[in-house]
Every structure is written in structure tokens, then in C-alpha cells.
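[1] One predicted model, sequence on top.
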There are 2 protein chains.
Amino acid sequence: MRGAGRVVAEDGIWHGGDLARARALFPDAPQPWVDLSTGINPIPYPLPALPLSLWTRLPGADDEAALIAAARAAYRVPDHAGIVAAPGTQILIELLPRLAPSGPVAILGPTYAEHGHAWRKAGFSVAEAGPPEETAATIVVVNPNNPDGRQLSRTELVSLAARCARRGGLLVIDEAFADFTPETSVVPDLPEGAIVLRSFGKTYGLAGLRLGFAIGAADMMARLKAALGPWSVAGPALHVGAQALADADWLARAGEARTHDASRLDALLAPHGRIVGGTSLFRLLETPAAPALFARLGRHGIYVRRFQNAPVRLRFGLPGDEAGWSRLRAALAADAREASPPA
Amino acid sequence: MRGAGRVVAEDGIWHGGDLARARALFPDAPQPWVDLSTGINPIPYPLPALPLSLWTRLPGADDEAALIAAARAAYRVPDHAGIVAAPGTQILIELLPRLAPSGPVAILGPTYAEHGHAWRKAGFSVAEAGPPEETAATIVVVNPNNPDGRQLSRTELVSLAARCARRGGLLVIDEAFADFTPETSVVPDLPEGAIVLRSFGKTYGLAGLRLGFAIGAADMMARLKAALGPWSVAGPALHVGAQALADADWLARAGEARTHDASRLDALLAPHGRIVGGTSLFRLLETPAAPALFARLGRHGIYVRRFQNAPVRLRFGLPGDEAGWSRLRAALAADAREASPPA
């Protein structure tokens, strides 16, 4: 695993999806890389034709209104609630601590590391653990959770939201992976004091577009929108987002297909460890051999997600074509052979 | 001017570029609109082919590094200085007050209204006038200025930067319109304590792409980058920006052509008032008849920029084709006829 310790993000957090890092870790791996390091749908929503004016003009109020209308319908946002579009959910994660009330923050971990990082950067005291401490004012839950797919019930979330409200804080629910399981979303009956984050790029396979949403009380959303300022979402993202979010048929078909893919992945991975959980866009494998498996897959040009604080776990995204499935199957089989003692 | 008072941005600031507003103001205007309400180059940089992976993958470190290298060369950023890319300059304008030292802010006005708005939102005391007050810690200068093209000399800017540094503040220099006059830029010999903003979309005619930069002391730029978080610039913007910023020939040719266009615009406007200034992307006309001229141009489907605090001024962008020039010429002539007493 040459250089493995040196290649981390600038903020020290490991992320999937950056093949420059994969290449640095495994310079001799066969090309092209099979990137399973993210939870991004490998079969993207088909890009519509993009009129040149989307690129040349400042993003217009009409285009933004069309996107917001489509998002309100897709996420079933109640009329009384506000919704804000941003160039990716990440920047909303960065901004929320700047607008939030003071008080200790609890993050239901282990989960996506950028939540804790953002609250700590803004000066909050942050505990990242299982059940949130009684003293927490603000609680952050990723639901369904990344990387283990943990789901909290609506009853649990309503109870957490009430607790945060009593302490003058917020309940932040990151529903980045809820699109294929709309029954897990609290948006249609939004608890008071809850802010929900929704990501566009993962489900629709268009992470480079940069589009995400926050949903919550109208006054808090107005403050978030003011913090972003005008024209924060690019013209092409407004257009693609509006079209894709209105396409319920595509979403239903993609959900079925990815659920099937996830079962297929489980079958491939089962001989190599315990499948701890996941969603229909990624699966989490636990095995003491995870570090060795990460390195062996890497040498075969297959990049998966490992975890700084959980070295026995690897997260696998879905291959996007039969070539990817074949290479994963072959690399896993090679792994078994390499691990066997020589005959 | 039916409804003119009702159609303003959510933050109360008027902006050019939103044809939804033009249509609301002048519902009976002939189509298509000739939009001269912005300072955006009407002849855009030709969009290169965009590989699908720019849309589907998270923006990669390789792509960001290529953009930053091209921007460093194009803007002649000294090695010791830092540079940060963002999804448009606007979000940098929003973030700067959150990272700046305390103390009164002076903005050399009248200028682009979003600067003052952002500092006020963040709780700063802001004076917007001609020469900055002696008590100001942080000073904001748009150079060349929008809308009047005012230019401060390098000596004046170095002196302002030193004054801000003595008071523990910053000098923010918005060089959104400096690309065609590189001799006006302070970037190559950046004064201590100065932060320079550069916009991509205006010169390159791709405002919908959302791309802007901040240049300044390395530690301050690291803080700005941390506030934005990872993946803030979309994949297509990284790619187009890197290619365009490396194309010095295109920039030189575009600068010559737009300077020619600006002279042509001056000749058309001269009979209608006094040309107060501008850059080669826009011209500022002063006339007591400005409100009437705005309304008459609007009824002819030509949208120009008016100013809440300067009702005798109109800013004209450049028509992008001969049809636009013809319609502007005809509308201005009609204006003269309409203003004449009946024969």
C-alpha cells in the first residue's frame, strides 16, 4: 500500500470518488479504474440538451422557480416549509453551523465525516457516537445512514426533534440516500425544528453537477438563502435538476434496478466477510482482512472506500456495467487465491 | 412602467440579467428581448466538448489543480499568494465578511450593491461613499468600477492597503472587469493585506457556469477554501475554466473586439446624454430623461440597467449581433421621435 498514509483530503478526511488518489495509491493498477468508492448511482439520469443560454446568462429567476417547484413536488415539501437550492449539499453542511443556535452538538456516528468537521470548524462542541448525549442541543442524523444504512423510525426522529426544540437547538436530518426509499423521509410531515438535507447528485448519478437542497422552517431557509446569495446554482444545474426531479418514472425504474444490483453485490461479497448494511447504492462489508482486501482490489484497478476509524470495514458502490462486475468478480476471486497458502 | 416598483430581487437589490423581470415590467414588448442589462460579454468563449464524466463524478482533485494552475498563470498570481476557486464570485462576496477582522467598512461607491449588502448582513458598520472615511478598517474597491469604470492607480491601492493593514483590516479589490485591462490588476504585485476577486463569467460570456476566484495571503485563502468545503465548483466549470483561462489568444482578440463595440455603442448613445464612463463591456449614460428612456427601450424589447440610487443613469451592455445593434439603433431613434412634439 505504497503512499497510502500520505494521500488524504486537505482537511484530513478521506473521501471516495477521487481517482487521482487511487492512482497515487496504486500507480501500477490496470486501466481504466473501476470506481466503487462512492455511493453515486453509476447509471446517470440522461442529460437533456442544454440550451447555450443556460451557460451564457446569469441563472434566471424563472429557471430557479422551475427547479424549486419540481423539488417541492419530488420531496413532498409541505406548503408551510421553505426549501433552498445550493451548489451541492456540502456547502449547506458548511453553512448550517454558522446559522444555528449555540449549544453542544451530537452526531449519530459513525457517519459521513463532513458533518462533524463543519460543526467543529464553527467552534461547536461535538460528540460523535451512538445514542446522542442528553445534553445535546443540536443533533445530526444521516438517515438512511452512510455507510451502514441504519434507519431511524419516524417516531424516533420526531422524538429527537422535540428534544432539540426543547433545548433551543436543531435536528439536522441528512436524507442524501432517501430518494429510493421515500417512506423513510420525514419531509412530508416535517417535525418542528427539523432541517432536512437532500442531495441530487447521488441518486441521479450527476455528482459533478453540484446540486443539493435544504428543507425546513421558512425563516431558517430564508437565512440560508441569504447566506448563499443570488445565482448560487449554475444554469445547467437548474435545468437538469428541474427535469430530472419531475421524472418520477425514471426514479422508480432506477430504484428497482439499483436494488437488484445491490443484491447482486451482496452475493459477490458474502464469501469475503459480513455485510453490515447499506442502501441500494452501496454496501458495507466488515472483515478483519479489510486492509489487505482494499490493497488487493486496488492493485486490480478497483477502488473501494475504506475508513480511518473503522479499518475492518470497506464500502462498495455498484459497478455500472458488466465489465465492472466481471473485474470485481475476478479481483475478489484472485484475492481468495492470493490469500491461500501456495500449493 | 407598469409594475416597475414591484419587481426587485428578494434582497431588494436590483440586478441586470433577469429577463423574467424584464417581461414582468414590459409584458407587451416585442420578442426576443435584447438584453443589455448586464456587463457580460455577449460573444461567449466557445464551449469545449464536455466528457460525461465531468457531470457524473464528483469534481476531482486533478481537475481542480488544472483550473488553479491555469488561473494562476492567467491572473499572474505570485507564488507566495493563495488562490481559491468558487461557484461564482458572489459567494466569495458573501463569505468574506464572515472571515474578516472587525471594524468599520468603507465601500468606494457608488458600485456593485452586493458588497455593501453582504457586509451589512454580517453585522458590520458600512459607509458607502466616495473617498473612504479615515476610521475604516476594511475598504472595498471595485476596480475598474461598475458601473462608471472609475480606476484607482496602483499607488492609490497600495496606499489604501497599507492603511487597512495598519487598522487591522483588509483591502478587498473586486477586479471583475479587469481581464481586458490587465495593467489595472494589482495581482502580480499583490499589496500586503489585499484580497482580489476575479470573475470568470463576465469576460468569457459564461455567467451561467458560476466560477470566480479570490486571491490573497495564503492563510486567508485557506480559510476561505475551508468555508466553501470540498467540491464547491462543478465538474464542467472546472474543465471549461481551465481551458478558457489558458487561451490568451482568445482573450486578446475578444478584448480588441469588445473595445471596438464599446466605441460603437458610445457613438449611438452620445446624442442621448453624457457618457460618464464604463469598461469595454458596458457604458454608463447620464441623462435627466433616463427613466423615460428606460421605459421606451423596454417597450421596444431592449432591457438596460437602471439604478435605484441614481435615476438619471442607465448602464448599457453590448449587443451581441447585428440584429441587436439594429434594434437598439431603431429604438433610440424612435425615442427621439417620441420625445419630439407632434408635427
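    Looks like it arrived, so ask away.
[2] ok, A:G205 to B:P87 distance?
    20 Å (CB to CB, to the nearest Å). Where C-beta positions appear, they are placed from N, C-alpha and C, glycine not excepted.
[3] Which residue ranges make up each domain of chain A?
    A:2-43+A:250-339, A:53-247 (automatic domain parsing).
[4] okay, A:G205 and B:P87: which has more neighbours?
    When A:G205 is set against B:P87 and neighbours are counted by other CB atoms under 10 Å in any protein chain shown, the residue ahead is B:P87, at 28 against 24.
[5] contacting residues for the more buried one?
    B:P87 makes contact with A:87, A:210, A:232, A:234, B:210-212, B:232-234, B:237 under the criterion CB atoms under 8 Å, 6 or more residues apart in numbering or on different chains.
[6] Try it again at 10 Å.
    A:86-88, A:91, A:210, A:228, A:231-234, A:237, B:209-212, B:228, B:231-234, B:237 (CB atoms under 10 Å, 6 or more residues apart in numbering or on different chains).
[7] Mind putting the domains of chain A into CSV with mean pLDDT and distance to B:A323?
    Written out in CSV, the entries for the domains of chain A read as follows (pLDDT from 0 to 100; distance: least, CB to CB, whole Å):
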stretch, mean pLDDT, distance to B:A323
domain A:2-43+A:250-339, 89, 39
domain A:53-247, 96, 16
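[8] tell me the most buried of those domains?
    Mean neighbour counts were taken over those using mean count of other CB atoms under 10 Å in any protein chain shown, and the top value, a mean of 21, falls to domain A:53-247.
[9] and the end-to-end length of that domain?
    23 Å (CA to CA, to the nearest Å).
[10] centroid residue for chain A?
    Nearest to the mean C-alpha position of chain A, counting by CA atoms, centre = their mean, stands A:A176 at 4.9 Å.
[11] Checking that residue next. Helix, strand or coil?
    Classification of A:A176 using DSSP: H, G, I helix; E, B strand; the rest coil returns coil.
[12] Next one: it relative to A:R305, how far apart?
    Distance check for A:A176 against A:R305: by CB to CB, it reads 15 Å.
[13] how about the strands of the stretch 51-200 of chain A, start to end?
    A:81-86, A:105-108, A:126-129, A:138-142, A:171-174, A:194-199 (DSSP state E, counting those that start in this stretch).
[14] Dump the ones you listed to a markdown table, plus distance to B:L318.
    What follows is these, written out as a markdown table (distance: least, CB to CB, whole Å):
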| stretch | distance to B:L318 |
| --- | --- |
| strand A:81-86 | 31 |
| strand A:105-108 | 51 |
| strand A:126-129 | 51 |
| strand A:138-142 | 49 |
| strand A:171-174 | 45 |
| strand A:194-199 | 39 |
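[15] Indicate which one of those strands is closest to B:G16.
    Put simply, out of these the one that sits nearest B:G16 is strand A:81-86, at 21.6 Å, with distance taken as CB to CB.
[16] The stretch 201-343 of chain A: strands as residue ranges?
    Counting by DSSP E, counting those that start in this stretch, the stretch 201-343 of chain A has strands at residues A:212-217, A:274-279, A:282-286, A:302-303, A:305-306, A:313-317.
[17] can you tell me which of those comes nearest to B:F180?
    Between B:F180 and the strands of the stretch 201-343 of chain A, the tightest spacing by CB to CB is seen for strand A:212-217, at 35.1 Å.
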